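**Q** Quick one, structure for this:
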Amino acid sequence: MNQNAPTTPMRSSVLASVLPTGQRPSRLQRQGRYTPESMCHPGKMLPAIAATVIDTFTRPGDLVVDPTCGIGTTLVEAIHRGRDAAGVEYEPDFVHLTLGNLRHSYAHGATGRAQVACGDARNIATIYRALHGQAALVLTSPPYGSRTHGHIRTGRDNGGGKIIKHHNRYSIDRGNLAHQPLPGLLDGFGQILTGSAALLRPGGVIAVTVRPIRV
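**A** Modelled structure (predicted):
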């Protein structure tokens, strides 16, 4: 059972309620498929999660949207599967990483079309007004912040020393939802999902991958 298993609406009784997406270590899932510099992002979605959800709920030629796309995992996996993709990312540095991963994907045979915008995902309905009613799938994950994401070395890893976290900061921009306490994060993410729903076609699906939040 992978803690990143997505919660998704079921289209029919033949679909499994648990999707097996954590069978290979994350570093192996990304190896050769993503640029090395993009590994510094604190909250990357597992490629296998994105791939499984995209395969389950879309067909080639469909549009997949990620309103908080980070390093572009959803977009990369979509275009490698012949889907089109659109993403929004608040942090300019992460937009740069997404563009690098998209270029890398095209150099390795990806055929779908992708676009990414730098902006506040709470405004996604305005940013992508031209895509209203076109998306088959919205796939995303909340910007949890430093308490949930990052790389960790525990006492088991460092000879009994203290827990050390790194790559666990989204940004220094206080406008980023990752800095908000939980009520503010939930309110902002609700706005993001509401705006994203405007992009869905009839019968489209919203899938949100989540982690337990521990304080």
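**Q** where exactly do the strands run in the chain?
**A** For the chain, strands defined by DSSP state E occupy the ranges 6-7, 63-66, 84-89, 114-118, 135-140, 151-153, 164-166, 200-209.
**Q** ok, now which ones touch Thr119?
**A** Thr isn't right for residue 119; it's Gly. Neighbour list for Gly119: 88, 90, 127 [criterion: CB atoms under 8 Å, 6 or more residues apart in numbering]. C-beta here means a position set from N, CA and C on the backbone, and glycine is covered the same way.
**Q** What is the nearest of the residues you listed to Leu99?
**A** Nearest to Leu99 among those: Val88, at 13.4 Å, using CB to CB.
**Q** I'd say that closest one and Ile124 touch.
**A** Yes - using CB atoms under 8 Å as the test, Val88 is close enough to Ile124 to be in contact (5.4 Å).
**Q** Averaging pLDDT per element, find the lowest-scoring helix or strand in this protein.
**A** Sorted by mean pLDDT, DSSP states H and E, the helices and strands of the chain end with strand 6-7, the least confident at a mean of 50.
**Q** Let's have the strands of the chain in JSON lines, adding distance to Gln180.
**A** Shown next, in JSON lines, are the strands of the chain (distance: least, CB to CB, whole Å):
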{"stretch": "strand 6-7", "distance to Gln180": "21"}
{"stretch": "strand 63-66", "distance to Gln180": "20"}
{"stretch": "strand 84-89", "distance to Gln180": "17"}
{"stretch": "strand 114-118", "distance to Gln180": "20"}
{"stretch": "strand 135-140", "distance to Gln180": "17"}
{"stretch": "strand 151-153", "distance to Gln180": "22"}
{"stretch": "strand 164-166", "distance to Gln180": "19"}
{"stretch": "strand 200-209", "distance to Gln180": "17"}
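**Q** Including distance to Gly22 and mean neighbour count, could those go into TSV?
**A** What follows is those, written out as TSV (distance: least, CB to CB, whole Å; neighbours: other CB atoms under 10 Å):
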stretch	distance to Gly22	mean neighbour count
strand 6-7	11	16
strand 63-66	20	27
strand 84-89	23	27
strand 114-118	25	18
strand 135-140	17	26
strand 151-153	17	12
strand 164-166	21	13
strand 200-209	11	16
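**Q** I'd like to know which of the ones you listed lies nearest to Thr52.
**A** strand 6-7 (8.0 Å).
**Q** from what I can see Arg83 touches Val65, true?
**A** No - using CB under 8 Å, Arg83 is not in contact with Val65; the gap is 10.4 Å.
**Q** Any idea how far apart the tips of stretch 81-99 sit?
**A** Terminal residues of stretch 81-99 lie 18 Å apart, using CA to CA, to the nearest Å.
**Q** what is the rounded mean pLDDT of that stretch?
**A** The average pLDDT for stretch 81-99 rounds to 96.
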